[in-house]
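[1] sequence unknown, structure follows:
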């Protein structure tokens, strides 16, 4: 199905969140859980950096064309 690759990333993210925050914590109510999740997400995103492409679209497409013609 279209978009299945990003679904894997979503599942991985929720797995990390569950293992590292939800299962390790003890929450008296929903407000505490929400605050803990917000704090976890902020800390998790802090070192994030944007992806920077190292090749132009033309270089990527040319490589794909070369690979396809080798079959």
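    Happy to help now that I have it. Quick caveat, the model's predicted, so the values are computed rather than measured. Residues are numbered from 1 along each chain as shown.

[2] quick one: residues contacting residue 33.
    The contact partners of residue 33, by CB atoms under 8 Å, 6 or more residues apart in numbering, come to 22, 25, 27. To be clear about C-beta, it is placed using only N, CA and C from the backbone, and glycine gets the same treatment.

[3] run the chain-centre distance for the strand or helix carrying it.
    Assigned by DSSP states H and E, residue 33 belongs to helix 30-45. Offset of helix 30-45 from its chain centre (CA atoms, centre = their mean, to the nearest Å): 17 Å.

[4] what bits of the chain have low per-residue confidence?
    Counting by pLDDT under 70, the chain contains low-confidence residues at 1-3, 65-71.

[5] change it to 90
    Per-residue confidence for the chain (pLDDT under 90) gives these ranges: 1-10, 48-71.

[6] show me the helices in it, by range?
    When assigned using DSSP state H, the helices of the chain occupy the ranges 4-17, 30-45, 57-69.

[7] ok, which of the ones you listed comes nearest residue 51?
    Nearest of the helices of the chain to residue 51, taken as CB to CB: helix 4-17 at 12.8 Å.

[8] which helices and strands sit right next to that closest one?
    Counting contacts by 3 or more CB pairs under 8 Å, 6 or more residues apart in numbering; DSSP states H and E, helix 4-17 packs against helix 30-45.
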